[in-house]
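Chemist: Sequence first, predicted model second:
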Amino acid sequence: MNDYIARFRVNDFEKQELKEHIREVQKLAAAMGKRVDLRRTVSSKELHSDKKVTLESTLSLVGLLHDFGKYSIKFQRFIHEEWRRAKEGIESKRQSGIDHGVYGAKYIYDLSGKYGPNGRRVGELLADVICYHHGGLPDAEDFNGDSPLLMRLQDENRLTDYEQVKVAFFKDLQITEQEIEQLFKKSIEEIKLLILKSSTGNEAKNKRKNDANFMPNLFIKLIYSMLIDADRLSSMCYETGEDFASYEKAQDEIQMTWKAYKQKFEEYLSGLQKKSEALEDTGKKRVNAIRQRISDECFEAGRKESGIYTLTVPTGGGKTLSSMRYALEHSERTNKERIIFVLPYTTIIEQNAKVIREVLGGNCDLLEHHSNVTEDDKRMLDSLGEERDYRLLTERWENRIVFTTMVQFLNTFYGKGTRDMRRMHHLLNAVIIFDEIQTVPVKCMALFNGAINFLNRMGNTSTILCTATQPDFSNISKDISLENVKGELIHAVEGNFTQLKRVEIKNCCAMKPYTIENAATFIWEKKAQVNSLLVVVNKIKTAKDLFRYLQKDKENVETQNIENVKGVLVQDTRLFLLTGDQCPEHKKDVLDELLKALKKGEQVICISTSLIEAGVDISFQAAIRNMTKLDSIVQTAGRVNRNGERNMGYCYVINLEEGSYEHMSEIRLGQKWSNVIFYKAEQEKKDILLPELMKEYFDDYYNDNECSGNFKYPIDGGRRSIYELLTLKRNQTGPKLNWKIQFKRAAENFKVIDEDMTTVLVPYLEEGQGLMRQIEDVTVYTSMAERKELLEKAKKYSLNINRYKFRQIYDAGGITFKEDMGVYLLNYAFYDEKEMGILLEADSDKYIM
């Protein structure tokens, strides 16, 4: 057989030659590996040269060998038969049943035995990456103490035609075994510097043995990330007819982008300054002057060397624009490839991205990545097969500017499968800005710090930890803390808080917790004193219940025609609801309408969960916050009198009964230590907004045994942790392996949010409903380009729901799975597009009887 093919397009039946695909992947992977400059990793003495050393040979080698096994006659018969069936309109068999990854893995593993212990270490690593380039990295040992990798390499049933495949591979690609051997020799030197040096720790220098043994899991994932991205990108470009070379951006082109963006940014800020100078309102003028000073200091800080920095700015201090100003200046000066904003909630991505687009222009290279629309689960993979795998469409983060969430960031390093890890290498040589850094889940603390240390040490990435409520991640635990934090970007942090004080927090908690009825009475009392009131609670159910109760108050007033002062107040007040049960476009519409109402000075009450606290640029005259973590309370207060419209705004803290917090330990602990700080502030007559009290709160909170015992993500009832599973084991019980890391088990147990979340597409308004109809009409003959466009549009109408809600709605017939797209679709009757969003029970008015 001479007609070796990798795949074919279903829309025109065009075949892609296997050698063409392999060479493309080799070229793409090598270019990615070339971006890792090992001179930043080790000293010049260890390099014995000033010559640039990269991972180019390593990635060239794995790219070359990854589809070695597709030269198998069995695979070629399968793919040609699939091509014939497609042309004749016969249903696909979907799965080849052929383990094509093991062939290249065996070749490199066998070759490595000729090069001593170092060669074997590298061969084992590369064999792992090649063998498992579909489906995710394996555990070093299974529950029986066996090695999944070694078992695959030694399974003769998988490799019956190995010698025939090897001959076909070398003949078709017209290369020699000596050429591969030369690449392998170079790879040994590269990986010896990249991993072996770091895995032995250099403990004398950093005294962080656990950290040094944790780094190899990330180095291996980095190589894996580059290979699978190159492989998927080559496949996608063939499917869509794009030129893969268009994805390679030259450094001078990136520099020109930063220069152009910086010019637009400075022009925009100049316009803002002129508007501010023309203001008559002295309160707003004073706030704007402080924001300008912070912005200027961030611009100057952009000239600092790459590293980890904090940016502590009071709420409403202009953090988004200031941090972006730093990032643009720093990126141009230090040749960074992209700027990534990591936010705690999907809600604020749209608003912050909109601000940046307004500054840089609507056609700027900016990606909003909220969540993954396609479900990368076993059901989808079983039904679609590897050659029609919609992981090809997942976000790569190749854009110059990316807005995403903490969930997506952590999934990139620790998530299950290949979908998220594919983009890991795009975090190298970047500026990453974490907004509201205090929202990092306690259980993810060690994993988060490990990822940041890796990017700082190995990736030449600059990390900015932004918040008004700054925790000290460099001091939580010696073996898992952030290393080499270089300090604050700006000066006079304490002074900024004093000068920007625009709100007071009042403790209104009662001996007996508030009921919904008590809370509603309190809300109307405070609403009588202001035009606009924000109410933030801890649970979605509470927000909905409270919203419904206030709605009934309005209905009662209107029905009974009550004309007293309270009656007029209630009747004139508009109610708004914001929760995680609304899709991004729904939340955006609510926020847009709310902002219009506030601008007009209308009577407004907004009931929300904590999603409004972080990064949402909105200002109410007063707020009520249910007792929670102190940093969350301060963030709610930051939505009050934000621009200095009044002399002073007020945020009232109450203790509303919301049921058990058994599965919300961070809120439960937060309430405990917030009460302690409130008592201390009252006794010592101190302002609870001062950074010194926030520092004390975080010290108490993180040193609480219930908190500190969870830093490494405990599993199995606390008997072990994900951090330990990903830490290199030095003992040699069980199989004789160099890389004893439990990748698969760690990934299967990792969830940023405790609840199992599933993404569903919801029928919000006509556009969302129309999009769902288009997705339902997709067939196997729909082109990849059309599918990609549909999934891009679907992001605005996608919603993550927990396992309980998913199961309840699914069992009621409210959710279907579109196999050809890998997307779950929500029935129209289970979504309230006016207010509530997701409904657990169908709206009978939407059924046609």
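Modeler: Cool, got the structure.
Chemist: CA only for contacts and neighbour counts going forward, please
Modeler: OK.
Chemist: so what are the domain limits for the protein?
Modeler: Split into domains by automatic domain parsing, the chain comes to 5-247, 251-491, 499-708, 757-846.
Chemist: for the longest one, the distance to its chain's centre please.
Modeler: Spelled out, that is domain 5-247. The chain centroid and the centroid of domain 5-247 are separated by 25 Å, computed with CA atoms, centre = their mean, to the nearest Å.
Chemist: Looking at that domain now, give me its mean pLDDT.
Modeler: On average, the pLDDT along domain 5-247 is 88.
Chemist: how long is it end to end?
Modeler: 23 Å (CA to CA, to the nearest Å).
Chemist: So for stretch 294-303, what gets flagged as buried?
Modeler: Going by neighbour count (16 or more other CA atoms under 10 Å), the buried part of stretch 294-303 is Ile294, Ser295, Glu297, Cys298, Phe299, Ala301, Gly302, Arg303.
Chemist: Which among the domains of the chain is found nearest to Lys740?
Modeler: Lys740 sits nearest to domain 5-247 of all the domains of the chain, at 5.1 Å, using CA to CA.
Chemist: so which helix or strand takes in Thr404?
Modeler: Taking DSSP states H and E as the criterion, Thr404 maps to strand 401-405.
Chemist: Tell me which strands that strand pairs with, and in which orientation.
Modeler: Here strand 401-405 is paired, per DSSP bridges, with strand 338-343 (parallel), strand 366-369 (parallel).
Chemist: hmm, who's touching it?
Modeler: Residues outside strand 401-405 that contact it (CA atoms under 8 Å, 6 or more residues apart in numbering): 338-346, 349, 353, 365-370.
Chemist: Show the subsequent helix or strand relative to it.
Modeler: Heading C-terminal from strand 401-405 (DSSP H and E), you reach helix 406-414.
Chemist: Find the residue at the geometric middle of this protein.
Modeler: Gln408 (1.7 Å; CA atoms, centre = their mean).
Chemist: pLDDT-wise, which helix or strand of this structure ranks last?
Modeler: The least trusted helix or strand in the chain, going by mean pLDDT, DSSP states H and E, turns out to be helix 378-384, with a mean of 37.
Chemist: circling back to that earlier point, go through the strands paired with strand 401-405 and pick out the most buried.
Modeler: strand 338-343 (a mean of 25; mean count of other CA atoms under 10 Å).
Chemist: Please tell me how far the following helix or strand past that strand is from the chain's geometric centre.
Modeler: Once the chain leaves strand 338-343, the next helix or strand it forms, by DSSP H and E, is helix 347-360. Relative to its chain's centre, helix 347-360 lies at 17 Å (CA atoms, centre = their mean).
Chemist: Helix 347-360 versus strand 401-405: what angle between them?
Modeler: 170 degrees (axes from the mean of the first three to the mean of the last three CA atoms, to 10 degrees).
Chemist: pLDDT on helix 347-360, on average?
Modeler: For helix 347-360, the mean per-residue pLDDT is 87.
Chemist: What of stretch 466-480?
Modeler: pLDDT averaged over stretch 466-480 gives 80.
Chemist: Least confident of the strands paired with strand 401-405, on average?
Modeler: strand 366-369 has the lowest average pLDDT among the strands paired with strand 401-405, namely a mean of 90.
Chemist: hang on, the earlier thing: any idea which of the strands paired with strand 401-405 gets closest to Ile540?
Modeler: Ile540 lies closest to strand 338-343 among the strands paired with strand 401-405, at 19.8 Å (CA to CA).
Chemist: Which residues does the closest one contact?
Modeler: If you take CA under 8 Å, 6+ apart as the criterion, strand 338-343 is touched by 327-328, 331, 349, 398-406, 409, 429-436.
Chemist: May I have the beta-bridge partners of His369?
Modeler: Beta-bridge partners of His369, as defined by DSSP bridges: Thr404.
Chemist: if we can go back for a sec, and the domains of the chain: which comes nearest Glu748?
Modeler: For Glu748, the closest of the domains of the chain is domain 251-491, at 5.8 Å, according to CA to CA.
Chemist: from the chain's centre, how far out does the closest one sit?
Modeler: Averaging C-alpha positions (CA atoms, centre = their mean) puts domain 251-491 11 Å from its chain's average.
Chemist: which residues make contact with stretch 680-693 from outside it?
Modeler: For stretch 680-693, the external contacting residues (CA under 8 Å, 6+ apart) are Thr469, Gln470, Glu494, Phe497, Thr498, Ile505, Val634, Ile677, Phe678, Met694.
Chemist: Output that stretch as PDB, restricted to C-alpha atoms.
Modeler: This file holds the C-alpha atoms of stretch 680-693, laid out as PDB (Å, rounded to 0.1, in the frame of the first residue of the first chain):
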ATOM      1  CA  LYS A 680     -12.200  43.600  67.000                       C
ATOM      2  CA  ALA A 681     -12.900  46.600  64.700                       C
ATOM      3  CA  GLU A 682     -15.800  47.700  67.000                       C
ATOM      4  CA  GLN A 683     -13.800  47.300  70.200                       C
ATOM      5  CA  GLU A 684     -10.700  49.100  68.800                       C
ATOM      6  CA  LYS A 685     -12.800  51.600  66.800                       C
ATOM      7  CA  LYS A 686     -11.000  50.800  63.600                       C
ATOM      8  CA  ASP A 687     -12.200  51.000  60.000                       C
ATOM      9  CA  ILE A 688     -12.800  47.400  58.800                       C
ATOM     10  CA  LEU A 689     -11.800  48.400  55.300                       C
ATOM     11  CA  LEU A 690      -8.100  49.000  56.300                       C
ATOM     12  CA  PRO A 691      -5.600  46.600  54.800                       C
ATOM     13  CA  GLU A 692      -4.200  45.800  58.200                       C
ATOM     14  CA  LEU A 693      -7.500  44.200  59.300                       C
END
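Chemist: got the buried residues for that stretch?
Modeler: Neighbour counts using 16+ other CA under 10 Å place Ala681, Ile688, Leu689, Leu690, Pro691, Leu693 of stretch 680-693 among the buried residues.
Chemist: Stretch 816-836 now?
Modeler: So, applying 16+ other CA under 10 Å, buried residues of stretch 816-836: 817-833, 835-836.
Chemist: And that stretch, end to end?
Modeler: Start-to-end span of stretch 816-836 (CA to CA) is 21 Å.
Chemist: Lovely, talk soon.
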